[in-house]
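Participant: coordinates for the following, if possible.
(chains A and B)
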Number of protein chains: 2
Amino acid sequence: KVDVMLGGGTDYFIRDDRDIRQLFVDQGYQYIDSYAQLSSLTNDAGALGLFAPVGLPWALDDIDPSRLRTMAQTATRILENNQGYFLLLEASQVDWAGHGRDINSAMAEMQDLHLMLEWLVEYQAQHPDTLVVLTADHSTGGLTLAANGEYRWEPASLHAITTSVPAMIKHLVNSADEPTKRLSYIKAQLGFELTQADQDAVLAMDMNAKSRSLEDVIKRIIDRKTNTGWTTWGHTAVDVQVFAVGPGAERFAGHQDNTDIAKRIFELLD
Amino acid sequence: KVDVMLGGGTDYFIRDDRDIRQLFVDQGYQYIDSYAQLSSLTNDAGALGLFAPVGLPWALDDIDPSRLRTMAQTATRILENNQGYFLLLEASQVDWAGHGRDINSAMAEMQDLHLMLEWLVEYQAQHPDTLVVLTADHSTGGLTLAANGEYRWEPASLHAITTSVPAMIKHLVNSADEPTKRLSYIKAQLGFELTQADQDAVLAMDMNAKSRSLEDVIKRIIDRKTNTGWTTWGHTAVDVQVFAVGPGAERFAGHQDNTDIAKRIFELLD
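Facilitator: Alright, predicted model coming up:
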């Protein structure tokens, strides 16, 4: 039985054919649909929190830019008990950023994870009977730090971009601005100097095209500026790291099959 | 003072301006220039063995297809002593295969390493006071196991190819065969069925072009057959693995800077 579930997904829970959310409520679960209600959750019943129709907004666009940490803090508060607990925390949307070749959101999603991990490492130190295992199910997009034959990557200008590229495109489509006004908006959002080719690409955007191809225009400008490269729209086959701290951490050292991680965890839970 | 050096490099040692090989001989080193002489080396003096003008041949083309193991066995035989020794074994040419996007040689060079490692793991078991550390300085070429949007890699046909692509091209340039005879030769070397496009590409080769571009025609045919992808002509930024066995192996566990590996080794040598 799952005690706490927090994330996106109202479209999958509250459906025409079935109201799964109601089934949880009938079982005594607390149900919330906004981050603001997280602090109201108590630890004497299960909790279901659904904060978006499908996935959460990009971290850059979310009202809580460290929502992963906020949810982790709430979940541990509810779960803590004398028998122990298992909690899965997923910074999932960096995968979508990789599929979308979106360095702007990839870095912001990693920052969301980073803020949560900073807190989690402290939590583990204060609760030394807690084992933390960190890994990835795969790498996506083949992020390349030395594109175009040049061993150089300059991500600093990403710090100034505070809106996701998909949100920029949504704004432009909704506003139906003239090309020059569109260019001014993009210039303001990106905060770095655009080359003539960059500007021409923005001016030439056909706003009736699919969002994905419009987003690509802006993503490629950011890639050009930062010298970011991508090698695939899919997953890569590189080995991913496994980090662990706490009792049993040594079981996760060394080269292992991804399924071994679950096996080691089940050994500890038994 | 280095006691044993084995590999390629006569062009760098025996030069018009300076005969560095002779300096070693004057210092009492044994000098050899063929694998056949390796067994004649004794452990009462240093040894210099240079078996090629620059790099060794591709493993596929070498008279000793497990030359790395042969050299490792010789080096340890000479170096073994009561005070211990440090030995660097480099399977270096997989890097060139990566730069050259050459899956045929990349796999053969890894097989050369594999055969050496099989022996080395046994050697370590028989000499349990030996620490073995295995790592890479970087990944090259961005070998992709799921090219063209398809999560599929079929390297089996590589087993039948026993000549390097550069050696195939050298043969074709030297023989000056007619296009149809050239195609027969390539068919025989590759051992798998060529598509019409593959055959047309071989027939259309301009044998006056640079070797590299001629090699690329054959490499792309092998990539097509095996669904191998490449993402760069240079190095990638992915983390590389570190494996270790023997006393002190635990010092090499975990995520570390590449320079830390040298520091850990120096700690053990002190």
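
Participant: close to chain B: what parts of chain A are there?
Facilitator: Neighbours of chain B within chain A, by C-beta under 8 Å from any C-beta of the partner chain: A:139, A:142, A:144-146, A:149, A:151, A:229, A:231-239, A:241, A:243, A:253-255. To be clear about C-beta, it is placed using only N, CA and C from the backbone, and glycine gets the same treatment.

Participant: leaving out chain neighbours, which residue sits closest to residue A:64?
Facilitator: In this structure, residue A:64 finds its nearest non-sequential neighbour in residue A:35, 5.1 Å apart by C-beta to C-beta, 6 or more residues apart in numbering or on different chains.

Participant: burial of the one you found, as a residue count?
Facilitator: Using other C-beta atoms under 10 Å in any protein chain shown as the criterion, residue A:35 is surrounded by 18 other residues.

Participant: so which strand or helix has the residue in chain A positioned nearest to chain B?
Facilitator: For chain A and chain B, the shortest gap (C-beta to the nearest C-beta) falls at residue A:231, measuring 3.5 Å. According to DSSP states H and E, residue A:231 maps onto no helix or strand at all.

Participant: is it in contact with residue A:142, as I believe?
Facilitator: Yes: between residue A:231 and residue A:142 there is a contact under C-beta atoms under 8 Å: 3.1 Å.

Participant: the stretch 151-270 of chain A: strands as residue ranges?
Facilitator: Using DSSP state E, counting those that start in this stretch, the strands assigned to the stretch 151-270 of chain A run over residues A:235-236, A:242-245.

Participant: looking at those, which is buried most?
Facilitator: Between these, the one whose residues have the most neighbours on average, counting mean count of other C-beta atoms under 10 Å in any protein chain shown, is strand A:235-236 (a mean of 21).

Participant: stretch A:186-203: end-to-end distance?
Facilitator: The distance separating the two terminal residues of stretch A:186-203, taken as C-alpha to C-alpha, to the nearest Å, comes to 10 Å.

Participant: run through who's touching that stretch.
Facilitator: A:157, A:160-161, A:163, A:168, A:172, A:179-180, A:182-183, A:217-218, A:220-222, A:224-225 (C-beta atoms under 8 Å, 6 or more residues apart in numbering or on different chains).

Participant: go with 7 Å
Facilitator: A:157, A:160-161, A:163, A:168, A:179, A:182-183, A:217-218, A:221-222, A:224-225 (C-beta atoms under 7 Å, 6 or more residues apart in numbering or on different chains).

Participant: roughly how far is it from the heart of the chain?
Facilitator: For stretch A:186-203, the distance between its averaged C-alpha position and the chain's averaged C-alpha position is 26 Å (C-alpha atoms, centre = their mean, to the nearest Å).

Participant: can I get the contacts of stretch A:186-203 in JSON lines with pLDDT and distance to residue A:26?
Facilitator: As requested, these are exported to JSON lines (pLDDT from 0 to 100; distance: C-beta to C-beta, whole Å):
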{"residue": "A:157", "pLDDT": "96", "distance to residue A:26": "51"}
{"residue": "A:160", "pLDDT": "95", "distance to residue A:26": "48"}
{"residue": "A:161", "pLDDT": "97", "distance to residue A:26": "45"}
{"residue": "A:163", "pLDDT": "98", "distance to residue A:26": "40"}
{"residue": "A:168", "pLDDT": "98", "distance to residue A:26": "42"}
{"residue": "A:179", "pLDDT": "97", "distance to residue A:26": "54"}
{"residue": "A:182", "pLDDT": "97", "distance to residue A:26": "50"}
{"residue": "A:183", "pLDDT": "98", "distance to residue A:26": "54"}
{"residue": "A:217", "pLDDT": "98", "distance to residue A:26": "49"}
{"residue": "A:218", "pLDDT": "98", "distance to residue A:26": "46"}
{"residue": "A:221", "pLDDT": "98", "distance to residue A:26": "51"}
{"residue": "A:222", "pLDDT": "98", "distance to residue A:26": "47"}
{"residue": "A:224", "pLDDT": "96", "distance to residue A:26": "54"}
{"residue": "A:225", "pLDDT": "97", "distance to residue A:26": "53"}
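
Participant: who wins on neighbours among those?
Facilitator: The residue in these with the most neighbours, by other C-beta under 10 Å, is residue A:218 (25 neighbours).

Participant: contacts only, for the nearest residue to it once chain neighbours are set aside.
Facilitator: Once its chain neighbours are removed from consideration, residue A:218 has its nearest residue in residue A:165; the separation is 4.8 Å (C-beta to C-beta, 6+ apart). Taking C-beta under 7 Å, 6+ apart as the criterion, residue A:165 is in contact with A:102, A:104, A:215, A:218-219.

Participant: from these, which land in helices?
Facilitator: Secondary structure of the contacts of residue A:165 is defined by DSSP state H; positions in helices are A:104, A:215, A:218-219.

Participant: show the contacting residues for the most centrally placed residue in chain A.
Facilitator: To find the centre residue of chain A, average its C-alpha atoms and take the closest one (C-alpha atoms, centre = their mean): that gives residue A:93, at 3.2 Å. Neighbour list for residue A:93: A:55, A:58, A:109 [criterion: C-beta under 7 Å, 6+ apart].

Participant: got a PyMOL select line for the buried ones in these?
Facilitator: For selection in PyMOL, the members of these meeting the burial criterion (16 or more other C-beta atoms under 10 Å in any protein chain shown) are listed in this command:
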select buried, chain A and resi 58+109
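
Participant: ends of stretch A:193-206, what's the gap?
Facilitator: Taking C-alpha to C-alpha, the span from the opening residue of stretch A:193-206 to its closing residue is 22 Å.
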